[in-house]
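1. Attaching a predicted model along with its sequence, questions to come.
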Amino acid sequence: METTSIENRADFAQWAIERARAIVADQGSDLALAARDMDEARIAETGNALGQAIVEALLDVFDGLLSEG
């Protein structure tokens, strides 16, 4: 994992945008395939996985902020 210095809201916003793009690029194709196939169970599963990946990324940043405080 790459270390990034976040010193203000703009830094955090930029990090969040870049991280969200990477997560969507990594997991978004599974969601698109499920939607194309109109498989509701798979859409729910892949959508939840995408959301969980975003939550985990945000918690990683939060944990990093706590360790500095």
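-> Yep, that arrived. Every value quoted in this text rests on a predicted model; they were computed, and no experiment measured them.
2. Please tell me how far the residue nearest to the spatial centre of the chain sits from Arg36.
-> The centroid of the chain falls nearest to Ile54 when counting by CA atoms, centre = their mean (2.6 Å). In this view, Ile54 and Arg36 are 22 Å apart by CB to CB, to the nearest Å. The way it works is simple: take the backbone N, C-alpha and C, and place the C-beta from them, glycine included.
3. what about the residue nearest to Asp26 when sequence neighbours are not counted, which SS state?
-> Here the nearest residue to Asp26 in space, its sequence neighbours aside, is Ala53; by CB to CB, 6 or more residues apart in numbering that works out to 7.6 Å. On the three-state scheme (DSSP: H, G, I helix; E, B strand; the rest coil), Ala53 is labelled helix.
4. OK, contacts around Ala53?
-> For Ala53, the set of contacting residues under the criterion of CB atoms under 8 Å, 6 or more residues apart in numbering consists of Ile23, Asp26, Gln27.
5. Filter these down to the ones in helices?
-> Under the assignment DSSP state H, the contacts of Ala53 contribute Ile23, Asp26, Gln27 to helices.
6. so the closest residue to the last one other than its chain neighbours is in which element?
-> Meaning Gln27. Nearest non-adjacent residue to Gln27, counting by CB to CB, 6+ apart: Leu50, 4.9 Å away. Leu50 is located in helix 40-68, with elements delineated by DSSP states H and E.
7. Report the buried residues of that helix.
-> For helix 40-68, burial by neighbour count (16 or more other CB atoms under 10 Å) applies to Ile43, Thr46, Leu50, Ala53, Ala57.
8. Identify each buried residue in stretch 11-25, please.
-> Quick answer for stretch 11-25 (16+ other CB under 10 Å): Arg19, Ile23.
9. ok, now stretch 24-42?
-> Gln27, Asp30, Leu31, Ala34.
10. got the contact list for it?
-> With CB under 8 Å, 6+ apart as the test, stretch 24-42 has contacts from Ile43, Glu45, Thr46, Gly47, Ala49, Leu50, Ala53.
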